[in-house]
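>>> Build me a model from this:
(2 chains)
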Amino acid sequence: DTAVSQTPKYLVTQMGNDKSIKCEQNLGHDTMYWYKQDSKKFLKIMFSYNNKELIINETVPNRFSPKSPDKAHLNLHINSLELGDSAVYFCASSQNLARGYTFGSGTRLTVV
Amino acid sequence: GQSLEQPSEVTAVEGAIVQINCTYQTSGFYGLSWYQQHDGGAPTFLSYNALDGLEETGRFSSFLSRSDSYGYLLLQELQMKDSASYFCAVLNNAGNMLTFGGGTRLMVKP
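Now for the predicted structure:
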């Protein structure tokens, strides 16, 4: 199936821990994104990579570090997790934004 | 920066027509998109308008007026499965990023 797949789907962890979310797309898109959706469903961009290069970093704390080993993968590592990091994190990819993003199914992160 | 305003909630009955409005204030504008998100699901792309006017795709249409910084999504012949959140999103003038509105929760009743 052609898609954007991210793992894990659910992540429950304690404050202070470090965790990673993985994202892969097999659509051949050049650009990948991380978005955070909070409890009020507000979607906010975090990072964007084009062909492995960081092009957008929207004032995200340094505890969040994206890594793109190749243009099909964009992973998100979060250090020293805080309660406020609890949200749904969506990976997305796009070739042409006029045709829209393709989103992954989301990772629901709960920090306790 | 970008800011987008859309109603937080709209209710309509099956078979009716509903219009979800979106006004935006941006420092740069390339186009307006609409996305649908069912509870627990991922946002999915519905439409994109770069030019003024109405774009129709089946039961859904999207309108843009650049001079008024305004657009809307029109849903016709509403079905129960249309109950979802609908987001407008502005494409910045670099064409490389979408900024989303807060979403409109549409409830379709029998």
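>>> For the residue in chain B that chain A sits nearest to, list the residues it contacts.
Chain B approaches chain A most closely through residue B:45 (2.9 Å), counting by CB to the nearest CB. Glycine gets a C-beta too; all of them are placed from N, C-alpha and C. Neighbour list for residue B:45: A:99-102, B:33-35 [criterion: CB atoms under 8 Å, 6 or more residues apart in numbering or on different chains].
>>> which parts of chain B sit against chain A?
B:30-31, B:33, B:35, B:37, B:41-45, B:48, B:50, B:85, B:87, B:91, B:95-100, B:102-103 (CB under 8 Å from any CB of the partner chain).
>>> Which single residue in chain A comes nearest to chain B?
Closest point on chain A to chain B, by CB to the nearest CB, is residue A:100, at 2.9 Å.
>>> Let me know the secondary structure of the residue nearest to that residue when sequence neighbours are not counted.
In this structure, residue A:100 finds its nearest non-sequential neighbour in residue B:45, 2.9 Å apart by CB to CB, 6 or more residues apart in numbering or on different chains. Classification of residue B:45 using DSSP: H, G, I helix; E, B strand; the rest coil returns strand.
>>> who's residue B:45 bridged to?
Under the criterion DSSP bridges, residue B:45 forms beta bridges with residue B:35.
>>> and residue A:3, how many neighbours?
Neighbours of residue A:3 under the rule other CB atoms under 10 Å in any protein chain shown: 14.
>>> how about the residue nearest to the spatial centre of chain A, secondary structure?
What sits nearest the mean C-alpha location of chain A, by CA atoms, centre = their mean, is residue A:34, with 3.2 Å. Classification of residue A:34 by three-state DSSP places it in strand.
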